[in-house]
Structures are given as C-alpha cells and as structure tokens.
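Engineer: Curious how this folds, go ahead:
(4 chains)
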There are 2 protein chains.
Amino acid sequence: MSLLTNALEEIPDIVISRLPIYLRTLRLLDAQGAEVTSSQELGQLLGLSSAQIRKDLSHFGEFGKQGTGYNVAYLCNQLEKILKVDCVWPVILIGAGYLGHALASYNGFEHRGFRIVGVFDSDENKIGTTIGATVIQSIDAIAATIQRYRCQIAIIAVPATAAQQVADLLIATGIKSILCYAPITLTVPAHVRVEYIDPVIYFQHMTFYLTKGCIDE
Amino acid sequence: MSLLTNALEEIPDIVISRLPIYLRTLRLLDAQGAEVTSSQELGQLLGLSSAQIRKDLSHFGEFGKQGTGYNVAYLCNQLEKILKVDCVWPVILIGAGYLGHALASYNGFEHRGFRIVGVFDSDENKIGTTIGATVIQSIDAIAATIQRYRCQIAIIAVPATAAQQVADLLIATGIKSILCYAPITLTVPAHVRVEYIDPVIYFQHMTFYLTKGCIDE
DNA sequence: GTATGTGAAGACTTTCACAGCG
DNA sequence: CGCTGTGAAAGTCTTCACATAC
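Structural biologist: From the prediction side, this is the model:
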C-alpha cells in the first residue's frame, strides 16, 4: 500500500485520532534513546492492545520488520508525514484572558508542529499589551493575519457568551479548524471541523464512576 | 426501569461520555428560558441523531413525554443525579504555572459541580503566594488536603517530566481520578481513571484533514 | 524464536422504523 | 398528530489467530 492516504480506502476517523498519541509516545521513546519498539511495548505504554496498534498502522503502509518491530525514529517520521506535522502550522488565538495567556506562553507547540502567530482580544485595555513577545491585537486585525499566514487553525479562548460570534467571524474569514475552549457546542458549516476542550466534561464523566463524596454533604 | 444505574445492565462508557454534553446544552436551553425540548432539537444543536439521544437516555429511565418531548429543567436534574454532580466535588490542582493559574482563576467550575480546594507546587518561590484567595502550598501538604476534603479528583498541570512522579504520589494518597494536562500517557493502576487534555493532540488530528499549508514552505 | 500484517470473527454502536402513548 | 422508547438491522471497530518474514 502506498504511504500516504490513498482515496481507495477511507480511513476511520477514530484511527486518525489515535495517531497523535502514538506519535507523542514514540517521540518520548526516541528521546529516551530507544531505537526499536514493538506494537506490544507501545500497547503497554498506552493501555491499548498490540493488535489495535498494528491494525491502525496498517491503514497507511508497512512500517515494521517481522521478528524485530518498528524503528522508532522512522515510524515517528512516517507518522509526522501522515499527520502533516513535518512542518510548522500557523495558529491564531482569540481571547487573552488567563487561559489565553497560558496558551500564548506555552512553549511546547513549536516542536510538535504549531506556532501561535497572532493573539486577539476585544478588550480595549488589553490591546497593545504583550504576552512574552506577542502583542495583543484588536479583533479587527484577525482577517489580515489569517491572510498573511494562510492560517487555517484557530483557538477560541473567549467566554461562552462570545464564542459563537467569534466562530462565525473566523469561519467567514477562512478558518477551517477550531479548537474551542468555551463550554458550548458551536454551530458551524460542514466544511469546518471543531474540537472541544472543556475540563468540566471530563470531571462529570469521572464522577459517574466515583462514589459520591461531595463537599456539602 | 429504575432511575439510577441498576447493576442489571452495564452502561457503555461511550454513553456516559455524552451525558455531560447533553447536560451542558440543556442548561443553556434552560438559561434561555426553554421549558421543553425534543431529541430532535438536541440532536440538531449537538450534531447527533435524535435516535442516538433517545437511546442514550433510555439506559437510565424514561424522561420524556410522547408527543411532547422532554421538560428541560427536569431532564437537567435527572442528568445531574445520574452523573452525581447535584453537589460540589472537591478537586486539587498540582502545578501553579500559567495553566495552573488559569484553572485556579476560572470561575466556571463551581456551578457545574466542582471546586478547587487546594493548589500545590514544588517551586519554593511560588509557595505562600496566592492566586485570588487561594494560597499555593507545598507538595508535602497534598495528603492533608486530600484527607480533609476526602478528595478523589486531581488536576495535573505540571511539566511532562514531573507528571508521572506527581501521579504516583497522588495515587498513593488516595486520588481516584486524574485530569492530566501534561502531554504524556500516565501509567496507573486499574482502579484509577485518567483523562487527558493536550491541545496538540487535537491540532494534529485536524491537520490530517487540512491541505498542507505550513509557515516554512 | 519473535513480531508484523491481515482476513475472519466477534463485540460494540448507531440507525432504522414503528408500536404506543399523550 | 407528534415524539418517545425500543427491538431488530445495519454499520463500525476491536480482537483473534495465524501465515509470513526476519
């Protein structure tokens, strides 16, 4: 099978969603000096079955050696190509509150393929101030930045009440993928992909399995 | 069928994972003054089929009226009971960097069932300083806080290099569920549940579907 | 011997479609 | 008439188990 996705086969989205996790773990193994790994070792580290990992990778080609396993550096490289993160993608960030500051200050994006190229807020008092070396700009400046960098990805880190409005603006300006930290489900056209990060959703998932033990009981 | 989970039926985890999203949306509808909704309306708002929503809810009881739909406030209440968030859970936060500050300053936890009751860091210079009204404490003080609040949930917001060590400590002290912001997969015993938030995982998922357009090309 | 890649089997999830009730 | 709740059907995903290659 050819390396990159061929149109002959539709790759399940759930498979794609695991690849970044494989990549993250392989990079860790690489950093630890491992030259070779196996589906079994990876599975152990990730809490997945070895068959799952082999099957997932088989959608994209044959990367291993029977009897030996996978070359860590090589598999990293291949996954980076498949995910198209063998380069740096420009990302814009809307919202310069505490969360926006945390994201803009995080230095773990670049070596995994992403760079925040613009931070925007609607608060007059914040515009013109800086986060590290980045100047916070007016919402009105978004379009120019998107066009300049041909930016396709945006992070929404504004309050829930403003999020849909911001999303509409971003989509109108050409953004194709949104990572939304606001705790609402956005309404977007079919060609736009949205992923959500809301810690409370995870907490509420956890509590189902915990024995109730609240503060006010 | 009885209201709360009966042992007769094992409810799929994937169903549980959607309930917090239903709840979030129902609360929004409630805030907007809606008295009644339908599986169709909810599905539209969430991008899910109406059948999916009805089937999911059917695991827990019969909450709707045929011909009418669901009473928003009532369904909210029932979901809160099912998820056990009809009260406030104590949560501890490890790591007082930018992200820790953002989490500790966020005021959207309490009304959805969670309160950060302690913030901890290993940095001597941070210990004793405050985030809002919360004093940052030494890692050594974790056990006392967990016991005092009978805390079962922790947030890890420390660098990847320290995360496993922190997780081990938390688990030894009785924590049952961890929300991990560090970009690594933790190794934990079977009785501990971990959920992960790593924005890069989402970005790398998005880029698979985008046409390559990086900064340095 | 060891570990991959893969059809086939099994398990799980979603959707269909309609009886039944308000 | 409209919408729920639900068996049955369809679809999707994971695991099994083994031929194959190193």
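Engineer: for the spatially most central residue of chain A, what are its contacts?
Structural biologist: In chain A, the residue lying closest to the centroid (C-alpha atoms, centre = their mean) is A:Leu179, at 7.6 Å. Counting by C-beta atoms under 8 Å, 6 or more residues apart in numbering or on different chains, A:Leu179 makes contact with A:153-156, A:194-197, B:199, B:202-203, B:206. For the C-beta atoms, the positions are set from N, CA and C on the backbone; glycine is no exception.
Engineer: could those residues go into TSV alongside distance to B:Thr129, secondary structure and pLDDT?
Structural biologist: Output for those, formatted as TSV (distance: C-beta to C-beta, whole Å; DSSP: H, G, I helix; E, B strand; the rest coil; pLDDT from 0 to 100):
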residue	distance to B:Thr129	secondary structure	pLDDT
A:Ile153	35	strand	98
A:Ala154	33	strand	98
A:Ile155	28	strand	99
A:Ile156	30	strand	98
A:Val194	37	strand	98
A:Glu195	34	strand	98
A:Tyr196	32	strand	98
A:Ile197	27	coil	98
B:Pro199	27	helix	98
B:Tyr202	32	helix	98
B:Phe203	32	helix	98
B:Met206	37	helix	98
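Engineer: Helices of chain A, start to end?
Structural biologist: With DSSP state H as the criterion, chain A has helices at A:13-31, A:39-46, A:50-58, A:72-83, A:98-105, A:142-149, A:160-172, A:199-209.
Engineer: quick one: low-confidence parts of chain A?
Structural biologist: A:1-8, A:216-217 (pLDDT under 70).
Engineer: tell me which parts of it are close to DNA strand C?
Structural biologist: Residues of chain A found near DNA strand C (C-beta under 7 Å from any atom of the strand) are A:1, A:38-40, A:50-51, A:54-55, A:57-58, A:62-70.
Engineer: if we can go back for a sec, with mean neighbour count and distance to B:Leu93 added, can I get the helices of chain A in CSV?
Structural biologist: Listed next are those as CSV, based on neighbours: other C-beta atoms under 10 Å in any protein chain shown; distance: least, C-beta to C-beta, whole Å:
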stretch, mean neighbour count, distance to B:Leu93
helix A:13-31, 18, 23
helix A:39-46, 17, 25
helix A:50-58, 16, 33
helix A:72-83, 19, 31
helix A:98-105, 21, 13
helix A:142-149, 16, 32
helix A:160-172, 17, 22
helix A:199-209, 22, 11
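Engineer: out of those helices, which comes closest to B:Ile175?
Structural biologist: Nearest of those to B:Ile175, taken as C-beta to C-beta: helix A:199-209 at 10.8 Å.
Engineer: Which one of the contacts of A:Leu179 is nearest to B:Ile215?
Structural biologist: A:Ile153 (11.7 Å).
Engineer: Count the residues that sit near the closest residue to DNA strand D within chain A.
Structural biologist: Of all residues in chain A, the one sitting closest to DNA strand D is A:Gly67 (2.5 Å; C-beta to the nearest atom of the strand). A:Gly67 has 5 neighbours, counted by other C-beta atoms under 10 Å in any protein chain shown.
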